[in-house]
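Enquirer: need coordinates for the following:
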Amino acid sequence: MMRLIHGISYLFYIGWAIMTGSLTIVARQFLPGRQYAQPMIVEVPLRCVTDLEVTLFASSITITPGTLVTAIAAGTSTQPPVLFVHALFEESEEAALEGLYDMESRLLAMTRGRAPSGPAASSAEVEQEEGSP
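Expert: All right, here's what the predicted structure looks like:
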């Protein structure tokens, strides 16, 4: 039941992100006196470990205007997967990472039934979390 509630919440969150991202692009394009963009590429170590979670997260980032996943580095048993994200309108790398980690937490709440408390070390850890109530 919680996954359904988190799933519906996530859909509204992504819809809101798409709408505000689109408005940001339009506002930056037509409002005089503003710098259009501050492009940067940020490295995002993930708490997502399953293929489904990584795919959903990368798709969510790419569908949001102003962000694009440029590369994915596969995880190993000791290292989490890493995304390289091109962010167009963030003020700093920290602000970009904060927004991306918020999106990831919401996605993981949907896929796992609750947001993770910390970084996952391996796929086995996620499977163990999913098996517990």
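Enquirer: which residues of the protein fall in strands?
Expert: Ranges of strands in the chain, per DSSP state E, are 40-45, 67-73, 82-87.
Enquirer: right, and these - which one's nearest residue 14?
Expert: Nearest of the strands of the chain to residue 14, taken as C-beta to C-beta: strand 67-73 at 11.9 Å. Just so you know, the C-beta spots here come from the backbone N, C-alpha and C atoms, and that holds for glycine as well.
Enquirer: adding mean pLDDT, distance to residue 114 and mean neighbour count, write the strands of the chain out as CSV.
Expert: Formatted as CSV, those follow (pLDDT from 0 to 100; distance: least, C-beta to C-beta, whole Å; neighbours: other C-beta atoms under 10 Å):
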stretch, mean pLDDT, distance to residue 114, mean neighbour count
strand 40-45, 92, 20, 16
strand 67-73, 91, 25, 15
strand 82-87, 93, 22, 19
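Enquirer: quick check: longest helix in this protein by residues?
Expert: Secondary structure of the chain read by DSSP state H shows that its longest helix is helix 2-30.
Enquirer: can you give me the angle it makes with strand 67-73?
Expert: Using axes from the mean of the first three to the mean of the last three C-alpha atoms, to 10 degrees, the direction of helix 2-30 lies 120 degrees away from that of strand 67-73.
Enquirer: coming back round to it: residue 93: which of the strands of the chain is closest?
Expert: Comparing the strands of the chain against residue 93 with C-beta to C-beta, the closest turns out to be strand 40-45 (5.3 Å).
Enquirer: could you give the angle of the closest one to strand 82-87?
Expert: Strand 40-45 runs at 150 degrees relative to strand 82-87, counting by the same axes, to 10 degrees.
Enquirer: low pLDDT regions in the chain?
Expert: The chain contains residues with pLDDT under 70 at 117-133.
Enquirer: go with 90
Expert: For the chain, applying pLDDT under 90 flags the ranges 1-8, 24-39, 47-51, 66, 72-81, 88-92, 109-133.
Enquirer: count of residues packed around residue 21?
Expert: Per other C-beta atoms under 10 Å, the neighbour tally for residue 21 reads 17.
Enquirer: ok so, going back, could the strands of the chain go into a markdown table alongside distance to residue 53?
Expert: What follows is the strands of the chain, written out as a markdown table (distance: least, C-beta to C-beta, whole Å):
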| stretch | distance to residue 53 |
| --- | --- |
| strand 40-45 | 13 |
| strand 67-73 | 12 |
| strand 82-87 | 12 |
